[in-house]
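Novice: sequence below, structure please.
(chains A and B)
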Amino acid sequence: MRTDVTKIHENTPHQELTEGLMMFAGGTSKHFCTGEWRTSTPVFIEEKCKQCLLCTPVCPDSAIPVRDSRRADFDYDHCKGCGICAKVCPFGAIEMKEGR
Amino acid sequence: MAKKDRMSGNEAVAYAIRQINPDVMPAFPITPSTEIPQMVSTYIANGEIDTEFIPVESEHSSMSAAIGAEAAGARSLTATSSCGLALMWEELLVAASNRMPVALALVNRTLSGPININCDHTDGMGARDTGWIQIYAENNQEAYDNFIQAYPIAEHKDVHLPIMICQDGFITSHAVENITLLEDEQVREFVGTYEPEEYLLNPGKPMALGPYSISAYAMEARKNQEIAMENAKGVILEVADKFRALSGRGFGLFEEYRTEDADFIMLIMGSAAGTAKQAVDDLRKKGKKVGVLKLRVFRPFPATEIAKALSGCKAVAIMDRCESYNGNGGPLGSEVMAGLYREKIVIEAVNYIYGLAGRDFTVDHVYEIFEELEKAVGEGKTVEQFRYIGLRE
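Specialist: Now for the predicted structure:
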């Protein structure tokens, strides 16, 4: 039953799909660019940021990458523009702008 | 060696569950199925089985938990009736589309309203398009036998679909009858251990279950699910053969009772088949060529097989213990007639609605129906194409 799901695409006939559309792989949501849904966009103002990292854990889409204990710019492939990070930032280092 | 006992239908199913010793049973009580989880809990409390019992706050949760447990890799089941099944509706479809071989002991009871706790098939029929296999029992023995066959059917690699084992509320669930039981070892060997190929708690083999599907995939997934339901027919027959070899009992998709040379056949499902058989025996003594086709498997629906079984008779009475409110008869009536038409078998077919909300169905009703069929064929008398039987008018 286990199949290479990377070989399945929108033209795959029903006989070659997995049972119940089971996905035999992990972390596949990375490949799904939900950032396309965004209608407003957070902008990171680096000079105002104190690296308190309050924004990272509240992001529902894990779209604020952290490297060496410092946050980097947004992962816009997955950020849906919910604005929670801008609300939680005590230093005004994240501003929301209209559109994608 | 088989042993003889006397049990209610609920006791019989609980006994089968004890013999199977499944992994997880989430359940919420509802009349008339309450005794099943209650008795299973007792078996667990007494240390006779190690099933994990989950008391939940609703049937929405019991079915959700059963699906979750099954997805994790556990053999799971629940029991319910009536409104409990209605509250599961959303999850019933999820269990089937996720291809989870969950078992459900359904003790058929009507749905409100008017509010009533007695038997008819409204609950099961309401779930007829949810993708579950449905098997109905005439008596306690069949409820027991069918439950033992549930997992070998549902877990078969060509099927992987959930299964409902149905019996009539109170009529069989609470009435005590003689029963022949298999030994525990025989049941365990027959059912086997559950070894799913893919499950969530399987280290090193990550998978996701029930993902969102865009339009490009959903239709293909449903076709595959439909094929699994078609496959179930053959698997049900195979399992029935094996069960017959073990126990000497049981039927395939339906039982044909004195139909060989019958001019008039009553097609009926559940406990009322016993009443119909008694009436047929009485009428046979008077020289009437009558018989009963007792439907065992309602899903998958054996339309072709039924049509062929009816092809030699002059008229059939199709008995529905459920009102469809479609102005066109009951669910069995509609499906059997469609099956006859597709096979180009033209016989008189009359649909009767009987026994709603626990209304008694007696041999007198059966005599009346056969008389009506005989007049329709013999005297060319026009009969109503669907009507209530046993109604005060």
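
Novice: please, where are all the helices along chain B?
Specialist: B:9-20, B:35-45, B:59-72, B:82-87, B:89-97, B:122-126, B:140-154, B:184-191, B:215-247, B:272-285, B:303-310, B:331-342, B:363-378 (DSSP state H).

Novice: buried residues in the last one, which are they?
Specialist: Read it as helix B:363-378. Residues of helix B:363-378 classed as buried: B:363, B:365, B:366, B:367, B:369, B:370, B:372, B:373, B:374, B:376, B:377 (neighbour count, 16 or more other CB atoms under 10 Å in any protein chain shown). From N, CA and C alone the C-beta is placed, and that goes for glycine too.

Novice: circling back to that earlier point, I'd like the helices of chain B laid out as JSON lines, including distance to residue B:389 and mean pLDDT.
Specialist: Output for those, formatted as JSON lines (distance: least, CB to CB, whole Å; pLDDT from 0 to 100):
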{"stretch": "helix B:9-20", "distance to residue B:389": "24", "mean pLDDT": "98"}
{"stretch": "helix B:35-45", "distance to residue B:389": "30", "mean pLDDT": "98"}
{"stretch": "helix B:59-72", "distance to residue B:389": "32", "mean pLDDT": "98"}
{"stretch": "helix B:82-87", "distance to residue B:389": "22", "mean pLDDT": "98"}
{"stretch": "helix B:89-97", "distance to residue B:389": "29", "mean pLDDT": "98"}
{"stretch": "helix B:122-126", "distance to residue B:389": "17", "mean pLDDT": "98"}
{"stretch": "helix B:140-154", "distance to residue B:389": "24", "mean pLDDT": "98"}
{"stretch": "helix B:184-191", "distance to residue B:389": "39", "mean pLDDT": "98"}
{"stretch": "helix B:215-247", "distance to residue B:389": "30", "mean pLDDT": "98"}
{"stretch": "helix B:272-285", "distance to residue B:389": "11", "mean pLDDT": "98"}
{"stretch": "helix B:303-310", "distance to residue B:389": "20", "mean pLDDT": "98"}
{"stretch": "helix B:331-342", "distance to residue B:389": "13", "mean pLDDT": "97"}
{"stretch": "helix B:363-378", "distance to residue B:389": "5", "mean pLDDT": "96"}
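
Novice: get me the contact residues on chain A for chain B.
Specialist: By the rule CB under 8 Å from any CB of the partner chain, the part of chain A lying against chain B is A:1-2, A:10, A:12-15, A:17, A:19-28.

Novice: select only the buried ones of these in ChimeraX?
Specialist: Remark: buried members of the residues of chain A next to chain B, expressed as a ChimeraX selection using 16+ other CB under 10 Å:
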select /A:17,19,20,21,22,23,24
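
Novice: how many residues are close by residue B:52?
Specialist: 14 (other CB atoms under 10 Å in any protein chain shown).

Novice: and residue B:149, how far is that from chain A?
Specialist: Distance, residue B:149 to chain A, using CB to the nearest CB, to the nearest Å: 22 Å.

Novice: which residue ranges of chain A form strands?
Specialist: Along chain A, the stretches classed as strands by DSSP state E are A:40-44, A:66-67, A:70-71, A:94-98.

Novice: could you dump those into JSON lines with mean neighbour count added?
Specialist: Shown next, in JSON lines, are these (neighbours: other CB atoms under 10 Å in any protein chain shown):
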{"stretch": "strand A:40-44", "mean neighbour count": "17"}
{"stretch": "strand A:66-67", "mean neighbour count": "10"}
{"stretch": "strand A:70-71", "mean neighbour count": "16"}
{"stretch": "strand A:94-98", "mean neighbour count": "13"}
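
Novice: ok, which of those strands comes nearest residue B:288?
Specialist: strand A:40-44 (78.9 Å; CB to CB).

Novice: tell me the strands beside the closest one, with direction?
Specialist: strand A:94-98 (antiparallel) (DSSP bridges).

Novice: quick one: mean pLDDT for the strand it pairs with?
Specialist: Across strand A:94-98, the average pLDDT comes to 97.

Novice: tell me who's in contact with residue B:260.
Specialist: residue B:291 (CB atoms under 8 Å, 6 or more residues apart in numbering or on different chains).

Novice: show me what from chain B comes close to chain A.
Specialist: Checking chain B against chain A by CB under 8 Å from any CB, the hits are B:97-99, B:160, B:197-198, B:205-211, B:213, B:216-217, B:220-221, B:223-225.

Novice: of those residues, buried ones?
Specialist: In the residues of chain B next to chain A, the ones that pass as buried (16+ other CB under 10 Å) are B:97-99, B:160, B:198, B:207-210, B:213, B:217, B:220-221, B:224-225.

Novice: for residue A:62, state which of these is nearest.
Specialist: For these, the nearest to residue A:62 is residue B:208 (16.5 Å; CB to CB).

Novice: touching, the closest one and residue A:28? I think so.
Specialist: Yes: with contact defined as CB atoms under 8 Å, residue B:208 reaches residue A:28; the gap is 6.8 Å.

Novice: quick one: residue A:23 and residue A:6 touch, right?
Specialist: No: the pair residue A:23 / residue A:6 is not scored as a contact, 10.5 Å apart, by CB under 8 Å.

Novice: mark out where each domain of chain B begins and ends.
Specialist: Taking automatic domain parsing as the criterion, chain B consists of the domains B:3-247, B:254-388.

Novice: now do the contacts for the residue nearest to the spatial centre of chain A.
Specialist: Most central in chain A under CA atoms, centre = their mean is residue A:78, positioned 2.6 Å from the mean C-alpha point. Neighbouring residues of residue A:78 by CB under 8 Å, 6+ apart: A:30, A:33, A:34, A:35, A:61, A:62, A:63.

Novice: so which two of those residues are the farthest from each other?
Specialist: The widest separation within the contacts of residue A:78 (CB to CB) is 13.6 Å, between A:33 and A:62.

Novice: neighbour count for those two, which is higher?
Specialist: Neighbours were counted for residue A:33 and for residue A:62 using other CB under 10 Å; residue A:62 has more, 14 against 11.

Novice: so who does the more buried one touch?
Specialist: So residue A:62 contacts A:75, A:78 (CB under 8 Å, 6+ apart).

Novice: go on, residue B:276?
Specialist: Contacts of residue B:276 by CB under 8 Å, 6+ apart are B:266, B:268, B:292, B:294, B:319, B:366.
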